[in-house]
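1. here is my input; please provide its structure:
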Amino acid sequence: MLSLIEELVPGTFQVIVQRYQILKEVESQSPIGRRALAKQVDLSERSLRTEIQVLKDQAFISTSSAGMSLTTLGIRILDDLEDLVKDQASFRESEDALAKQLEISQCIICRRDSQESLAQEALAVIDRLLPHGSQTIAVMGGTTMRKLAESFDESLSTNRTLQFLPARGGAGEEQTIQANAIADLMANRTHGTSRLLYAPDHVRSETRNLLLQEPEIKETMRRLSQADLAVFGIGDAKKMANRIGLDQATINQLDKAGAVAEAFGEFIDAKGEIVYKLARIGLSSEDIQAIPNLLAVAGGAGKAQAIEAYCKVAPSHTILVTDQAAANKILNWESSH
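-> Residues are numbered from 1 along each chain as shown. Model (predicted):
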């Protein structure tokens, strides 16, 4: 329930926790004066005065010459809040534990396991990450990225000028989930702009070198290198190999090497070793090191192994948006080892 309220009114949880802490301190040290209480809850007396007035208006706190005490209603509200706050705190602890396990900067876990929830949470993170002004966003392809693009609207462009760039060329997959189409959809939904990357996703090395000299491709690659944010999914190795049209001999090679994840044209085994790398047009794992904001979006229990494998090679400033199914599987693996 609290997570739903937080989605509707961001910042609600922090307010609830702050008022819970005030009520908790008043209960344990009643009667207590304002100066002593301000020190206990780490608020200025001015800020505390505002909070106390709200709690008094709701008849949760009573005051006397001796100090503040909880009313009967205040005691009941404190009891009701106890489980709610503890549950949310436990959820935040899981996010912190997952980030620590994966050795990345932050994890956000959706309470509901669906692509729609992942998309909404990722959109909220993007809105928090991007400052006002001109912003360039590099985007990958895939079904998760498509769902994210469909969640965008013009509110993301408030006080921002947005440019969306495909971070990989066209792969042998459905056109609507290719990076070019997704960048274009994001631009249309936010009234931003986009560029196309007129190149196949993977090519022979000699062809790649020739294509990178083409003026349009060269300019898109230059802009990609200066992106403010890269948003991408984490692929299951076998599914990605089939989706981008690798030949059977290469797929067999990936199976033999134990590949479980794919990102940025690199196939990765469970130990975090890169076992195969495509010659491709688009952002590479080396390129993203210099991009200040990196957002990976992937969920589902079936993606847990791919997520854990990719994070072994991910830059440490990566942020992951995932769901409970994937998070629980990764954390349970760790606790069982």
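2. what segments of this structure are helices?
-> 2-8, 12-29, 34-41, 45-57, 72-102, 115-129, 143-151, 179-190, 205-211, 215-225, 237-243, 248-257, 304-311, 324-336 (DSSP state H).
3. mean neighbour count, those: which tops it?
-> Among the helices of the chain, helix 304-311 has the highest mean neighbour count (mean count of other Cβ atoms under 10 Å), at a mean of 25. From N, CA and C alone the C-beta is placed, and that goes for glycine too.
4. if we can go back for a sec, so for residue 162, which of the helices of the chain sits nearest?
-> helix 179-190 (5.4 Å; Cβ to Cβ).
5. gap between that closest one and the chain center?
-> 19 Å (Cα atoms, centre = their mean, to the nearest Å).
6. which other residues reach that helix?
-> 137, 139-141, 145-146, 148-150, 152-154, 156-157, 162-170, 175, 192-197, 282 (Cβ atoms under 8 Å, 6 or more residues apart in numbering).
7. alpha carbons of that helix, as PDB, please.
-> The C-alpha trace of helix 179-190 is given here as PDB (Å, rounded to 0.1, in the frame of the first residue of the first chain):
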ATOM      1  CA  ALA A 179      16.800   0.700 -30.800                       C
ATOM      2  CA  ASN A 180      16.000   3.100 -33.700                       C
ATOM      3  CA  ALA A 181      12.300   2.600 -33.300                       C
ATOM      4  CA  ILE A 182      12.400   3.000 -29.500                       C
ATOM      5  CA  ALA A 183      14.500   6.200 -29.700                       C
ATOM      6  CA  ASP A 184      12.000   7.600 -32.200                       C
ATOM      7  CA  LEU A 185       9.000   6.600 -30.000                       C
ATOM      8  CA  MET A 186      10.600   8.200 -26.900                       C
ATOM      9  CA  ALA A 187      11.200  11.400 -28.800                       C
ATOM     10  CA  ASN A 188       7.600  11.400 -30.100                       C
ATOM     11  CA  ARG A 189       6.100  10.900 -26.700                       C
ATOM     12  CA  THR A 190       8.200  13.600 -25.000                       C
END
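8. what angle sits between it and helix 143-151?
-> 20 degrees (axes from the mean of the first three to the mean of the last three Cα atoms, to 10 degrees).
9. I'd like the average pLDDT over helix 179-190.
-> Helix 179-190 shows a mean pLDDT of 96.
10. still on that earlier bit, dump the helices of the chain into CSV; add distance to residue 264 as well.
-> Below are the helices of the chain laid out as CSV (distance: least, Cβ to Cβ, whole Å):
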stretch, distance to residue 264
helix 2-8, 30
helix 12-29, 34
helix 34-41, 46
helix 45-57, 46
helix 72-102, 17
helix 115-129, 18
helix 143-151, 13
helix 179-190, 12
helix 205-211, 14
helix 215-225, 12
helix 237-243, 11
helix 248-257, 16
helix 304-311, 9
helix 324-336, 20
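11. lowest-confidence stretch among those?
-> helix 2-8 (a mean of 57).
12. circling back to that earlier point, would you list the buried entries among the contacts of helix 179-190?
-> 137, 139-141, 145-146, 148-149, 152, 156-157, 162-170, 192, 194-197, 282 (16 or more other Cβ atoms under 10 Å).
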